[in-house]
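**Q** prediction below, plus the sequence it came from.
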Amino acid sequence: MTKAVVVAKFSFPLDAQIAKSNLESVGIPAFVADEHTINMQWLYSNAMGGVRLFVAEEDVEQAKNILQADFSDSVDTTCASNPEHCPKCGSDDIAAYTQGKKSAFLVFILAGFPLFFYQHGLKCNQCAHFWQT
C-alpha cells in the first residue's frame, strides 16, 4: 500500500481541481481533500491549511515538476495561430466586442432594472462590421 503525500495546497477548490486535472492528464492519480468544507465555509480556508492535493509518495517529484511548469506561452501560441477574418472585408484586425452595452447600461441607470439586449461577438477594426460568434 502506498502512502499519500500532500503535493500542494490551495486557497480555493477550483485551483486544486485544475491542478488535479493537470496531474491526471499525464497519468498521475491525485486526490483533493477539504474542498467541500471550504466550499461551504470559505473563511475556514486559511485556518484549515487550504485545500490539499494528494498524490502517491512515488509520484511526488514528477507531480511537483508538472505543477510548477508554465504553459502560458503554449496557450498564447495556440490561440494566436488561428485568427478569424472579417466576413465583410477579409481583414484579420478583429477584436472581441459587446454590441449594445452602452444602451443597456443607460436603461439600467434610468429605469432601475437591467434589460439584457446586448450581444457578444467580434468587430472588425477596419470596416467596423460586427458579427456574433
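**A** Received the coordinates, thanks.

**Q** please count neighbours and contacts with C-alpha atoms only from this point.
**A** Fine.

**Q** could you identify the helix or strand that succeeds the strand or helix carrying residue 107?
**A** Element membership for residue 107, per DSSP states H and E: helix 101-111. Counting by DSSP H and E, the next helix or strand C-terminal to helix 101-111 is strand 119-124.

**Q** neighbouring strands of that following strand in the sheet, and parallel or not?
**A** strand 94-99 (antiparallel), strand 130-131 (antiparallel) (DSSP bridges).

**Q** chain center to it: distance?
**A** Its chain's C-alpha centre and that of strand 119-124 lie 21 Å apart, by C-alpha atoms, centre = their mean, to the nearest Å.

**Q** avg pLDDT for that strand?
**A** Taken as a whole, strand 119-124 has a mean pLDDT of 86.

**Q** try stretch 9-20
**A** 93.

**Q** buried set for it?
**A** Buried residues in stretch 9-20, counted by 16 or more other C-alpha atoms under 10 Å: 9-13, 16-17, 19-20.

**Q** over to stretch 3-10?
**A** 4-10.
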